[in-house]
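Peer 1: with the sequence up front, the predicted model follows.
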Amino acid sequence: MIKKLGLLLFVFIWLANSCGETYSPKPRGFFRIDLPAKEYRLFDSIFPYKFEYPVYSIIKPDLSPSSEPYWADINFPQFNAAVHLSYKKVKSLKDLQLYFEDSRTFANKQIPKATAIREGLIINPDKNVYGLFYEIQGTGAASTYQFYLTDSLRHFLRGALYFNFQPNNDSLAPVIDFIKQDVEHFIETLEWK
């Protein structure tokens with residue numbers, strides 16, 4: 001009887017001791033994103049500008065009813081994303097000021113969802129390319145990277161990165177950074193014709 005009581009006490013202590021840890025759920029995981037190797041090719045057509053773009057992207061003219069000549073999209077099918085490019089011919093200083101203000105307005109539309117907007121200058125005197133970029137941070141921001149480029153005399157080009165679904169920029173951060181490097185390469189290689 002004492003042996004049975006001792007065994008029962010041992011089992012009870014063992015069970016009580018092993019159940020002392022509390023369960024904590026693991027955070028939700030995301031799928032691994034395979035990123036292709038960086039490789040670029042030249043886009044040189046009838047457009048008034050040329051640049052290098054990634055081989056894993058596709059350039060398509062913007063065929064929407066509101067589009068203008070030389071508007072295009074650099075599509076990234078693997079990521080369901082696109083960089084929308086809109087070109088404007090500069091006819092006067094007043095036009096240029098209007099284009100600057102439009103670009104600032106488009107970037108500021110992200111303010112309700114943004115936690116921060118970082119601006120930076122783009123200066124490439126060798127290619128006569130000047131501009132500004134907006135890096136928009138925030139989980140629900142629709143466009144996380146926008147920019148405009150100009151030669152201050154004849155050309156103005158605006159670009160914006162969009163995903164074709166409701167963004168969750170925390171989980172998309174590796175893809176956003178990956179495409180941002182491609183956009184920066186685009187900016188570095190842009191030349192006016």
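Peer 2: Here it is on my side, so go on. Numbering: from 1, shown residues only.
Peer 1: what is the burial count for Asp102?
Peer 2: Asp102 is flanked by 15 other residues according to other C-beta atoms under 10 Å. Every C-beta, even on glycine, is put in place using the N, C-alpha and C of the backbone.
Peer 1: for it, what are its contacts?
Peer 2: Neighbour list for Asp102: Arg158 [criterion: C-beta atoms under 8 Å, 6 or more residues apart in numbering].
Peer 1: residues contacting Phe113?
Peer 2: Just so we're on the same page, residue 113 is Lys rather than Phe. 138-142.
Peer 1: buried ones among those residues?
Peer 2: 138, 141-142 (16 or more other C-beta atoms under 10 Å).
Peer 1: nearest to Leu172, out of the contacts of Lys113: which one, please.
Peer 2: Nearest to Leu172 out of those is Thr139 (C-beta to C-beta; 9.5 Å).
Peer 1: my reading is that that closest one is in a strand; is that accurate?
Peer 2: No - counting by DSSP: H, G, I helix; E, B strand; the rest coil, Thr139 is not part of a strand but coil.
Peer 1: pretty sure it is in contact with Asn168, am I right?
Peer 2: Yes - at 6.4 Å, Thr139 counts as touching Asn168 under the criterion of C-beta atoms under 8 Å.
Peer 1: which strand residues bridge Thr150?
Peer 2: Beta-bridge pairing of Thr150 under DSSP bridges involves Tyr130, Phe156.
Peer 1: span of stretch 129-149 from start to end?
Peer 2: When the termini of stretch 129-149 are compared using C-alpha to C-alpha, to the nearest Å, they are 6 Å apart.
Peer 1: run through the residues that contact Val129.
Peer 2: 122, 149-151, 187, 190-192.
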